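**Q** Kindly return the folded structure for what I paste below:
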Amino acid sequence: MRSVRDFVAGVGFFLQGVGWVAKHGRWWLFGLIPALLAFVVYVVALIFLGTNATDMAEFLTPFADTWGWRDLFRTMIAIALVLGGLALAVLTFTALTLAVGEPFYEKLSATVDPLPGAEEQPWWRTLPRSLRDSLVTLGYVLLFTVPLFFLGFVPVVGQTVAPVLGALVSGFFLTVELTTLALERRGMARKERFALLRGNKAGALGFGVVVFLLFLVPFVAVIAMPAAVAGAALFVRDRLGPDAHSLTPQPRH
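**A** Model prediction:
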């Protein structure tokens, strides 16, 4: 039951983020700029993928040329490519948007979660580390999602279990990406951030899954991005407390 409560609480942090940006409309508009730029890039990429998925499926399956049901098989591959591309876009959208808009979102996160005495570094110094950490996170994502991609072809399991597992995996790593700004201000390295979120797995999943599902809806990702950053800052603040030097979760009441 505690895990269920923590999961629901994680969803609640995103809703708190929505409430925060609703009260601070200037910051919401401020956070839309990099998200909109990244969105345009992904729309073009997904349109290209969608219009060429059939040709890509044919290129990837030359062994099926003599099959009687090759057209059905390649249609399934094409659909899987589009769905996989969409899921990958959702995951990498956050990383790219945070990288492009780091000066924007750093200020937004710091406003939501102020840490007295915290030393802010220029964005051009933190950008290389952020990109490196995002690539490591993407590697972990692919480690899980590639097997899930092939699991999707298993009858019944592929249409039930695989999407649920995919949403959970994607949601957790979205939380990893979105909480990076607030956790880095507390001096936490990548391994420490992962350890903290694993210790709060249910809450991290609740927050990340709702963001993942919303980000699947076209253009909603742009609108919701500032709220996701604000909600992630609130999530970190609740788990770590207001002290910038506290590196362990605070007791829950």
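**Q** what residue is smack in the middle of the chain?
**A** Leu174 (2.4 Å; C-alpha atoms, centre = their mean).
**Q** So that one: helix, strand or coil?
**A** Reduced to three states with DSSP: H, G, I helix; E, B strand; the rest coil, the structure at Leu174 is helix.
**Q** Grab the nearest non-local neighbour of it.
**A** Distance criterion C-beta to C-beta, 6 or more residues apart in numbering; nearest residue to Leu174, sequence neighbours excluded, is Gly208 at 4.3 Å. Where you see a C-beta, it was placed from the backbone N, CA and C, and this is true even at glycine.
**Q** Per-residue confidence, the one you found, what does it come out as?
**A** In this model, Gly208 is scored at 94, pLDDT.
**Q** just to confirm, which helix or strand has it in it?
**A** Using DSSP states H and E, the element containing Gly208 is helix 201-215.
**Q** Figure out how far that helix is from the centre of its chain.
**A** Here the centre of mass of C-alpha atoms in helix 201-215, compared against the chain's by C-alpha atoms, centre = their mean, to the nearest Å, lies 8 Å away.
**Q** buried set for that helix?
**A** Neighbour counts using 16 or more other C-beta atoms under 10 Å place 201-212, 214-215 of helix 201-215 among the buried residues.
**Q** from these, which is closest to Phe150?
**A** Nearest to Phe150 among those, counting by C-beta to C-beta, is Phe212 at 20.4 Å.
**Q** How about the contacts made by the closest one?
**A** Counting by C-beta atoms under 8 Å, 6 or more residues apart in numbering, Phe212 makes contact with Val90, Ala167, Ser170, Gly171, Leu174.
**Q** Touching, the last one and Leu91? I think so.
**A** Yes: taking C-beta atoms under 8 Å as the definition, Leu174 is a contact partner of Leu91 at 6.8 Å.
**Q** which stretches of the stretch 1-150 of the chain have low pLDDT?
**A** Flagging of the stretch 1-150 of the chain using pLDDT under 70 yields the residue ranges 117-131, 134, 149.
**Q** remind me, longest helix of the protein?
**A** In the chain, ranked by residue count with DSSP state H as the criterion, the top helix is helix 25-60.
**Q** and the strand or helix carrying Phe73, what does it pack onto?
**A** Taking DSSP H and E as the definition, Phe73 sits inside helix 70-100. Using 3 or more C-beta pairs under 8 Å, 6 or more residues apart in numbering; DSSP states H and E as the contact criterion, the elements in contact with helix 70-100 are helix 25-60, helix 123-151, helix 157-178, helix 201-215, helix 220-240.
**Q** Mind listing what's buried along that helix?
**A** For helix 70-100, the buried set under the neighbour-count rule, 16+ other C-beta under 10 Å, comprises 74, 77-78, 80-82, 84-100.
**Q** Please apply the same query to stretch 214-221.
**A** When neighbours are counted by 16+ other C-beta under 10 Å, the buried residues of stretch 214-221 are found to be Leu214, Phe215, Ala221.
**Q** Equivalent analysis for stretch 7-23, please.
**A** Along stretch 7-23, these residues count as buried under the neighbour rule (16+ other C-beta under 10 Å): Phe7, Ala9, Gly10, Val11, Gly12, Phe13, Phe14, Gln16, Gly17, Val18, Trp20, Val21.
**Q** and stretch 29-49, C-alpha only, in PDB?
**A** The C-alpha coordinates for stretch 29-49 follow below in PDB (Å, rounded to 0.1, in the frame of the first residue of the first chain):
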ATOM      1  CA  LEU A  29       5.800  31.200 -21.300                       C
ATOM      2  CA  PHE A  30       9.500  31.400 -20.500                       C
ATOM      3  CA  GLY A  31       9.800  27.600 -20.500                       C
ATOM      4  CA  LEU A  32       7.900  27.100 -23.700                       C
ATOM      5  CA  ILE A  33      10.500  28.600 -26.000                       C
ATOM      6  CA  PRO A  34      13.100  25.700 -25.900                       C
ATOM      7  CA  ALA A  35      10.400  23.100 -25.800                       C
ATOM      8  CA  LEU A  36       8.800  24.600 -29.000                       C
ATOM      9  CA  LEU A  37      12.100  24.600 -30.800                       C
ATOM     10  CA  ALA A  38      12.700  20.900 -29.900                       C
ATOM     11  CA  PHE A  39       9.200  20.000 -30.800                       C
ATOM     12  CA  VAL A  40       9.600  21.300 -34.400                       C
ATOM     13  CA  VAL A  41      12.700  19.200 -34.800                       C
ATOM     14  CA  TYR A  42      10.900  16.100 -33.600                       C
ATOM     15  CA  VAL A  43       7.800  16.700 -35.700                       C
ATOM     16  CA  VAL A  44      10.000  16.800 -38.900                       C
ATOM     17  CA  ALA A  45      11.800  13.600 -37.800                       C
ATOM     18  CA  LEU A  46       8.700  11.700 -37.000                       C
ATOM     19  CA  ILE A  47       7.000  12.700 -40.300                       C
ATOM     20  CA  PHE A  48      10.000  11.500 -42.100                       C
ATOM     21  CA  LEU A  49       9.900   8.200 -40.200                       C
END
